[in-house]
Structure formats: C-alpha cells, structure tokens
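[1] okay, sequence plus prediction incoming.
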Amino acid sequence: MRPVRRRFLPAAVLALAALSATAAPAVQAAPVTVAAAPDIPLAGVKAHLTRFQSIATANGGNRAHGRAGYKASIDYVKAELDAAGYTTALQQFTSGGATGYNLIADWPGGDPDQVLMAGSHLDSVASGAGINDNGSGSAAVLETALAVSRARLAPDKHLRFAWWGAEELGIVGSKYYVNSLGTAGRSKIAGYLNFDMIGSPNAGYFVYDDDPVIEQTFKDYFAGLSVPTEIETEGDGRSDHAPFKSAGVPVGGLFTGASSTKSSAQAQKWGGTAGQSFDRCYHSSCDTTANINDTALDRNSDAIAHAVWTLSEGAVTPPPGTVFGNAADVSVPDNGAAVTSSVPVTGRTGNAPAALKVDVDIKHTYRGDLVVDLLAPDGTAYRLKNSSSSDSADNVSATYTVNASAESANGTWKLQVRDVAAQDTGYIDSWQLTF
C-alpha cells in the first residue's frame, strides 16, 4: 500500500445483485441460488507467499517496480493461471523510466457486459520483499482464481482477476488500466474488489465503506464467523480501488491494517497487542514470510472467495412488490439511545415509491414509550410513530405508508427505534420494505 493519502470524488453507487438484508426476509421474490464458495486452502496461499519470498531473495531482496523481482513475480502468477485455463494478458506501461506490467486474467464465460473484478498490487517497495504488502493480497486472489478453475465455476457475470504494478509509486498500474478501458469498457465493470494487506501480524478486520452491496457481503461473511469488523479508514484512497471508484465503478475490499496503532478496544475484540502497529514491518525489510498472521490470512482468503462466488451471480432486477427485510433481533434499551436495524436495497432503478410500505414488528411491554422512524439511505428521517403516554398496549405490529419518492431506492434503509421513558423494555423483532 502506498504511503501518500489522496482524495477522490465519491463514485456513483451501482447495484451488483438483488441481495436481501443480513437476515432472510419473510418473503423473497425469485431468489437466485448461489453455490457456496469453497474453503480456500491456507497452505496454497502460503505456498505462493513462499515463492514470492524466494523470488525476492534471489533478486536483491525485493519485488519492486522495474526490478527483476517484480517481473519474476508476475511471470510466476501468469504461469499458474495459464495452466488453470485462464486467458491472460500482460499490460505494459512506463513509470519512472522503467517498464511496468499489469497482469489481467479472464475466466471463460459469463456476461461480457457485466464484469466482476478482483485484484491486488503485486509490487513491493524497494526496501523489502513485501510479503504482507502485498504478497498477502496477491496470493489470496491467485488462490481464489485457482479455486474458480478447480470448481469449473460458471457464474452469470464474467470474472476477471488482476495484479497491478507500481502501486507503491502512486497507484500507477491500476490507473493505467482504468484509463485504457475508455468509457465503454468502464461501464461494463459491475464491481471491483481490492485486497491490499490482508495478513498483518497484529491484524484488525477492516471492510471498505464504499459500495453498500459489496460492503454488506463482506460484513455478512465475518458476522457468520462471529468476527466483528470496522470500517477501513487508514488506507482510504491509497490503493488500487481508487481509480475504479473515481471512474464510477462500485468498489469494496478488505484490509488488516498497516502502520496505525491498534487500540485497547480493538485488541480486546480481535486479540493481538494494543499500542503496537497492525504491521510493524510495513514498508520495511522485515516484511517477510515471518510477518504474516495465518488466522487473518485464512479468514480473509475465504472471504474473498465468498464475495467472488456471491457477487458473480446474475444482476437480477427484482420485480415490483419485492420485499426486502431483516428478521434479526435488535434490543431497544430502556429510556436509552436510539437503535437501528438495516436493510440494504439493491437492483432497483430510480427513486423509491410514493407509497412505500413499511411493515414493523416490535416486541415491547409499553409501546407508548417508543418513537419509530424510517431512515432513508441519505439519512432523511420519516416519522412512523410518536410516543404517547396514553398508549399502554404491548408491541408495535403495524404497516405504515411513506412517501419516499424523493429518495433513491437503492441503498441501506434503516428502522430507528428509541424508548423515551423508563420501566419497560423490548426489541425490534423484524421489519420489511415493499418496493
């Protein structure tokens, strides 16, 4: 990952698939059956890291842009993919007076107008072998691509994998690729997934806060492992997703931390050492095969496969009347702060309905204590229910109609509930939106 922060304009959010919320809704229209992703063998990922280390050791200790170690690394990855049945291409560019290379690998089949990409930068800094930064992402993407071949996966979207050059010099390779596509080529990319440093020794579990569907896909995976995640901020705009995002492509990715310090709270929930960097060998000579957290590398490799398998399924536009819901319980604290339950809505076009139906089921021993709002993706609040000291009945089980025609349909909608008086408790049982 390059050390200089840059800012990019927000990209237009494009839907990747008709995915429901975290928990299955009560009604789901025409679901797409998605085959479960395979477990990505940690041994396979680490074997690639060992090869990257050997290449660096034999070539002056690094795999940097313009050096023999980088070209040997990309030749190794290309040979693995060629043998697995991919169509590969080396894209050549020049930076700093030296020749650089991107490797693009296409899996046969899928809709050529709906391309899902996954990528990582393959170059290191000149001071070290770059095994976590970014052999870790490169090896995991490679092993995921090989898993696609072993499974003979036939997804609806076209799959493309990429390894970028000269990221450490200013995201040069990926910028060159995005620019080379032109407007027509960029419009065919349904999403780009980026993986830069996913095996940090003092690891955290960070998810890019970009496209809501991609973000939720990763969050759902880690929630299934009972591994909490945080939004990635340290590397925002500093890796190869940035040129795609700037061009309007939906992006997302994973990260385990670089030079920032792990807090006590983070160490409590993730393990590791508080007060130390996530990667003390970041951009240093000690970034070797000894600088890898196997557990983080294993989890993130499996998460990559999960996202590739899930997001490469068809871009289905849900028909009118499709229900998006969340049946996960959320406790409502007595006389406390507001809580929310989220429902990602994707695959729609235009704005939400003028008569958006909101079905709410809240279990509570005194519903008059509750204030209930619907929050649109842009944060606009639509009041569904006010508190009332005279409404002493239990529970809120009701259908509300909201004029949400000013709101974009796609995005994360939230039900917000606050208990404004003492002595009674409850929880959000379920809720749903009908588009």
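    Sure thing, it's come through.
[2] can you count the residues close to Gly350?
    Using other Cβ atoms under 10 Å, Gly350 has 9 other residues around it. (Each C-beta comes from the backbone N, C-alpha and C, glycine too.)
[3] what's the domain layout of this protein?
    Listed domain ranges for the chain are 42-311, 323-434 (source: automatic domain parsing).
[4] and stretch 291-305, how far out from the chain middle?
    14 Å (Cα atoms, centre = their mean, to the nearest Å).
[5] got it, and stretch 144-159?
    Using Cα atoms, centre = their mean, we find the averaged C-alpha position of stretch 144-159 to lie 19 Å away from the chain's own average C-alpha position.
[6] residue boundaries of the strands in the stretch 101-250 of the chain?
    Ranges of strands in the stretch 101-250 of the chain, per DSSP state E, counting those that start in this stretch, are 111-121, 157-164, 189-195, 206-207, 230-231.
[7] of all the ones you listed, which one is nearest His283?
    Closest approach to His283 among the strands of the stretch 101-250 of the chain is made by strand 111-121 (13.1 Å; Cβ to Cβ).
[8] export that closest one to PDB, keeping only CA atoms.
    Output in PDB follows, covering the C-alpha atoms of strand 111-121 (Å, rounded to 0.1, in the frame of the first residue of the first chain):
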ATOM      1  CA  ASP A 111     -21.800 -11.900 -19.400                       C
ATOM      2  CA  PRO A 112     -19.100  -9.700 -21.000                       C
ATOM      3  CA  ASP A 113     -21.200  -6.600 -20.200                       C
ATOM      4  CA  GLN A 114     -21.200  -7.500 -16.500                       C
ATOM      5  CA  VAL A 115     -17.700  -8.000 -15.300                       C
ATOM      6  CA  LEU A 116     -16.800  -8.700 -11.700                       C
ATOM      7  CA  MET A 117     -13.100  -8.000 -11.000                       C
ATOM      8  CA  ALA A 118     -10.900  -8.800  -8.000                       C
ATOM      9  CA  GLY A 119      -7.400  -7.500  -7.800                       C
ATOM     10  CA  SER A 120      -4.300  -6.700  -5.800                       C
ATOM     11  CA  HIS A 121      -1.000  -5.000  -6.300                       C
END
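[9] what is it packed up against?
    Strand 111-121 is packed against helix 137-151, strand 157-164, helix 172-187, strand 189-195, helix 294-311, with contacts defined by 3 or more Cβ pairs under 8 Å, 6 or more residues apart in numbering; DSSP states H and E.
[10] need the winner for burial among these.
    Among the helices and strands packed on strand 111-121, the stretch with the highest mean neighbour count (mean count of other Cβ atoms under 10 Å) is strand 189-195, at a mean of 27.
[11] excluding chain neighbours, what is closest to the residue at the greatest distance from the centre of the chain?
    Computed with Cα atoms, centre = their mean, the maximum C-alpha offset from the centroid of the chain is found at Ser390, amounting to 46.1 Å. Residue nearest to Ser390 in three dimensions, not counting chain neighbours: Gly368, with 6.6 Å by Cβ to Cβ, 6 or more residues apart in numbering.
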